[in-house]
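Student: Here is a sequence with its predicted model. Questions after.
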Amino acid sequence: MDTKLTFLAAFDDLMRNAKVLQVGIEPEFRRFVGNQQECQRKWRDAETELDRIKEKVKALEEENSLLKTKLRHAHVQIEREADERRRIEHNKLELDQQIGLVRELLCDKNSKSMLHDQDRERLAFLNTFTQQKSRLDTSPSRRLNTINESTHSILSDSDYDKTEDDLQSTYLRSGRKYKRPSAPPMEEAEPKRRRSDEEKESSLITTTTVTLDAVGKPIAATTNVTSGPQRKLNKSFSEPALDKYGSPATRMADSEPESDDSCYATPGNRNNNRRKSRSRRTTSTAELILKHKKVVIELIINKNEIKLQEEHQCNSRNYKELSFQCGKRIGFGRMAMKCKDCRASCHPDCKDSLPLPCIPTAPSTPGGTKLSGGLISDYTPLDPPYIPGIVVHCVNEVEARGLSEIGLYRVPGVPGSDSQVKELKKDFFKGKGIPNLSHIDDIHVICGCIKDFLRGLKEPLVTYGLWKDFVHAAENRDKCMGESEVYQAISKLPTPNRDTLAFLILHLIRVSECKECKMPASNLAKVFGPTVIGYSVPDPEPLQMINETKYQAMVMDKFFEVPESYWEKFLNIDEENLYPNTYNTPKTPDVPKSYLGPIHTPETYENKSKTWGKNAMTPRSSSKFNTFGSPRFGNKSRQVNKKPSHFFSSPMLN
Amino acid sequence: MISHKSERTVTCTIVGDGMVGKSQICKTFIGDLTIEDYEATVTNEHSVLTQFMGDRYTLRIVDSSGQHDYKDIRTLSYKKSEVFILCFNLSDRDSFESIETFWIPEIRKLCKKTPVILVATGKDIQDNDENNNVSKEEYLSVMDKYGIDAYVECSSYNKEEVNEVFEDVLLSVIKSKKKRLSNIFHHLLAR
């Protein structure tokens, strides 16, 4: 029984223990699993977070590198700017020295009392401007200063110290300016005055009408001077414009020969004068081409008509050939006119309609046929500017009626134009005057003729010798360095090449400014690259050809970047030759008679001093004056050119 | 799946007068759809990978200059070219006529047997002046006269039409290859 009891107890015990096993642990397990899930979620979250952060880091790093490159670029740019600045400072210094020289000169004059009282008055008037200017002067320099300091603070580079030095020097300079005694006359104020005048938009338009009788002697000359909204006066008008400055009345003929004395000289020295007047006329016609849209066009046409009778030296002879202008034959034994210089022949009636720039043909070399292509100098006239007639006439024609043609110089024109181009070229060099371009319907033929002529030369315009110089200049990354190299290379060109190039580029710049023909400078550069620049050797290898082609357009682009005034200078050479040293010797007594200066009769002087404030001379024309005294080539002349002059622009200094 | 055999490179040269839209055809085909103003070309080369009739081709397109001045540099690429795309503008009669007077003589002087495809561009712009437009009979007669292989009319800005041009390019290359092979075969048989 006892055992039985113990068994029961044991069983009970066992059952109690087994009960533990029978009860499930699901809730705990569920909790555990839940925990695990939570863990897993957190883990995943952490991982995505990590990815995100990694990406962010990557992006930031990229940004960082980008900014670093930018910074580097900025460094380079600032360095370049600093260079530029140094250069400009240098220029400024030079100009300051020049100003000093001029001041001395004027002081000298004062002491010798060479100037009129009125001049003195005017100089005193300038002095006030000087003071104003010097007061104004301080503010820009301070502004420059802050800019410079900021750059300095950004870059802890030590090589920017130089600019600071420069700056200090400017400070000194401006300080000195400020303290400067106001006694010597200051010329710097002039550009200022001029500027303010421009702002007022007042300028003078001079229209001169000259009436001629049959002999070519002027009967009456009418001059109208009106002041209107600002327009640039043509340079070539400076002579008559200044001549009859501010006199709105009608002037009678007797004063005309005075101003145009070289045209109406005595027969004795006529030859000499004729040469002069011809060259001057050529320029003025070139000017006509340049600015044929200007208001004052009437004047120039009249002027040319006067001289045409001088110019086209028409001899009457009996000829049997095609008349130029009307295209009809000149009957055998009939009267015909022939120009001595350009060898154009025509009916006596058509004489007046001969094309205006009479460009003498080059003397023909015995045995040499011009069609076979020689150097450019073989085609140029004997007097400056050395531009072949074919180029001048074709360009004239293109500008007269081609500027609205889409794809000027680019599309080849009507089929068979190649042969037409050849024909035209042949006509030009036949030696019987220039063919009538207005009879050619397709302007592209004339364009083709220009291109064909230039391409057909034995040597391209830039010459084989200087080809490398130009390419090197065009390749130069530094803009101002490249520019000065271009100027240098241009100055090394032979004169005929340079003049023709200048004329052509000026023309192309005008074409590129015409929106209608859709030929921007880049297009023209590509089209004219092989024509004007050519290759470095006469017969390039195929590979060389491919390599050099891209430089052609680059050089042309560089040419287009050169300011127009630089090119124009080459076309104005003759005037410099005509009036040498006008500006170096201000005391020359005959200066008032100069074409560029006013007539110093008392009345006109009075008039002039009244209108002086109005200032008909635009900065453009005065900048031309300046180039006279300075060297024409190289860097220096450019600087002068760039900064329209301070000292010589006033008419009374002539 | 079609297995691609070795890729072939086909070189074609686009020629034609200035401003007919040569560069625009190239650009459209490549997929550069920017419409720019006229910009003269000196010479340009594009390489494009295309598929045609199950084969892969690398198409080298030489975009030449339309200036007659650039003759030297243009003709350099002629020898390598397997097919010419000769362009003219439908609304510009001069460009059509200079095909006969200038381009075909220039091509045939250097490459006697290379296939030529005539492409008329500017389908979308018809000139108001009837005389300026080129009629279908005219170019068909030119095609017959000079043995031109194919003729496509397109607008340089239309992708599908330009694609058609280049399909014709490949087709004519394949055809000319076959012709040459069969010629050689006939030649051998005739012996």
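Tutor: Great, that's in hand.
Student: can you give me phi and psi for A:Lys19?
Tutor: phi -60, psi -40 (degrees, to the nearest 10).
Student: so how far is chain B from it?
Tutor: 69 Å (CB to the nearest CB, to the nearest Å). Backbone N, C-alpha and C define where each C-beta goes, glycine included.
Student: List the contacts of that residue.
Tutor: Residues near A:Lys19 by CB atoms under 8 Å, 6 or more residues apart in numbering or on different chains: none.
Student: go on, A:Ser512?
Tutor: Contacts of A:Ser512 (CB under 8 Å, 6+ apart): A:519-521, A:523-524, A:560.
Student: Report the entries of these that also contact chain B.
Tutor: Among the contacts of A:Ser512, proximity to chain B is found for A:519-520, A:523 (CB under 8 Å from any CB of the partner chain).
Student: Now, those residues that are in helices?
Tutor: If you go by DSSP state H, these have A:Asn523 in helices.
Student: Relative to chain B, which of the ones next to chain B among the contacts of A:Ser512 is nearest.
Tutor: For these, the residue nearest chain B by CB to the nearest CB is A:Asn523; the value is 4.5 Å.
Student: That closest one contacts B:Thr41, doesn't it?
Tutor: No: using CB atoms under 8 Å, A:Asn523 makes no contact with B:Thr41, being 9.8 Å away.
Student: more crowded one of these two?
Tutor: A:Asn523 (25 against 19; other CB atoms under 10 Å in any protein chain shown).
Student: Would you mind naming what in chain B lies close to chain A?
Tutor: Counting by CB under 8 Å from any CB, chain B sits next to chain A at B:17-19, B:37-43, B:65-70, B:72-73, B:76, B:94-95, B:97-98, B:100-102.
Student: and the residue nearest to B:Glu7 when sequence neighbours are not counted, what pLDDT?
Tutor: Distances taken as CB to CB, 6 or more residues apart in numbering or on different chains place B:Arg56 nearest to B:Glu7, at 4.8 Å, with adjacent residues excluded. You'll see B:Arg56 listed with a pLDDT of 81.
Student: what about B:Arg56, helix or strand, and which?
Tutor: strand B:55-63 (DSSP states H and E).
Student: Surely A:Gly407 is in a strand?
Tutor: No: counting by DSSP: H, G, I helix; E, B strand; the rest coil, A:Gly407 is not part of a strand but coil.
Student: Now for B:Asp32: which residues touch it?
Tutor: Contacts of B:Asp32 by CB under 8 Å, 6+ apart: none found.
Student: I misspoke; the intended subject was A:Phe559.
Tutor: With CB under 8 Å, 6+ apart, A:Phe559 has these contacts: A:486, A:501, A:505, A:525.
Student: if you set the cut-off to 10 Å instead, what comes out?
Tutor: A:462, A:470, A:474, A:486, A:490, A:501-502, A:504-505, A:508-509, A:521, A:524-525, A:528, A:532-533, A:567 (CB atoms under 10 Å, 6 or more residues apart in numbering or on different chains).
Student: Is it part of a helix or strand, or is it coil?
Tutor: From three-state DSSP, the assignment for A:Phe559 is helix.
Student: Run through the residues that contact the nearest residue to B:Ile117 once chain neighbours are set aside.
Tutor: Excluding the flanking residues, the one nearest B:Ile117 by CB to CB, 6+ apart is B:Ala150, at 4.8 Å. B:Ala150 makes contact with B:83, B:85, B:115-119, B:143, B:164-165, B:167-169, B:171-172, B:175, according to CB under 10 Å, 6+ apart.
Student: Next, count neighbours for the closest residue to A:Glu475 other than its chain neighbours.
Tutor: Nearest non-adjacent residue to A:Glu475, counting by CB to CB, 6+ apart: A:Met554, 7.0 Å away. Using other CB under 10 Å, A:Met554 has 19 neighbouring residues.
Student: A:Met554 is in what secondary structure piece?
Tutor: Short version, using DSSP H and E: A:Met554 is in helix A:542-561.
Student: CA atoms of the helix or strand following that helix as PDB?
Tutor: Next helix or strand after helix A:542-561 toward the C-terminus (DSSP H and E): helix A:564-571. The C-alpha trace of helix A:564-571 is given here as PDB (Å, rounded to 0.1, in the frame of the first residue of the first chain):
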ATOM      1  CA  GLU A 564      38.100  98.400 -88.400                       C
ATOM      2  CA  SER A 565      39.900 101.500 -87.600                       C
ATOM      3  CA  TYR A 566      43.200  99.600 -87.800                       C
ATOM      4  CA  TRP A 567      42.400  98.500 -91.300                       C
ATOM      5  CA  GLU A 568      41.100 101.800 -92.400                       C
ATOM      6  CA  LYS A 569      44.400 103.300 -91.500                       C
ATOM      7  CA  PHE A 570      46.100 101.500 -94.400                       C
ATOM      8  CA  LEU A 571      43.700 103.000 -96.800                       C
END
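Student: quick revisit: list only buried entries from the residues of chain B next to chain A.
Tutor: B:17-19, B:38, B:40-43, B:65-70, B:73, B:76, B:94-95, B:97-98, B:101-102 (16 or more other CB atoms under 10 Å in any protein chain shown).
Student: who are the neighbours in contact with A:Leu454?
Tutor: For A:Leu454, the contacting residues are A:376, A:388, A:390-391, A:460-461, A:500-501, A:504, A:528, A:530-532, A:534, B:69, by CB under 10 Å, 6+ apart.
Student: Tell me the one of those nearest A:Glu104?
Tutor: For the contacts of A:Leu454, the closest approach to A:Glu104 (CB to CB) belongs to A:Leu501, at 39.1 Å.
Student: Run through chain A and note the low-pLDDT ranges.
Tutor: A:1, A:108-373, A:411-417, A:431-434, A:573-654 (pLDDT under 70).
Student: where do the strands sit along chain B?
Tutor: B:8-16, B:44-52, B:55-63, B:83-89, B:116-121, B:150-153 (DSSP state E).
Student: Compute the inter-axis angle for the fifth one and strand B:8-16.
Tutor: This means strand B:116-121. 60 degrees (axes from the mean of the first three to the mean of the last three CA atoms, to 10 degrees).
Student: Run the chain-centre distance for strand B:116-121.
Tutor: Put simply, strand B:116-121 sits 6 Å off its chain's centre (CA atoms, centre = their mean, to the nearest Å).
Student: Kindly provide the whole-number mean pLDDT of that strand.
Tutor: In this model, strand B:116-121 has an average pLDDT of 88.
Student: What is the least confident helix or strand in chain B?
Tutor: Every helix and strand in chain B was compared by mean pLDDT, DSSP states H and E; the lowest is helix B:71-76, with a mean of 78.
Student: and the angle from the longest helix belonging to chain B to strand B:8-16?
Tutor: Assignment by DSSP H gives helix B:159-190 as the longest helix of chain B. On the basis of the same axes, to 10 degrees, helix B:159-190 is oriented at 120 degrees to strand B:8-16.
Student: orientation of helix B:159-190 relative to strand B:83-89 in degrees?
Tutor: Going by the same axes, to 10 degrees, helix B:159-190 makes 140 degrees with strand B:83-89.
Student: List the buried residues of helix B:159-190.
Tutor: B:161-162, B:164-166, B:168-174, B:176.
Student: Looks like B:Val169 contacts B:Thr114 (just checking).
Tutor: No: using CB atoms under 10 Å as the test, B:Val169 is too far from B:Thr114 to be in contact (11.7 Å).
Student: Determine the residues that are contacts of both of these two.
Tutor: Common neighbours of B:Val169 and B:Thr114 (CB under 10 Å, 6+ apart) are B:12, B:82-84, B:149.
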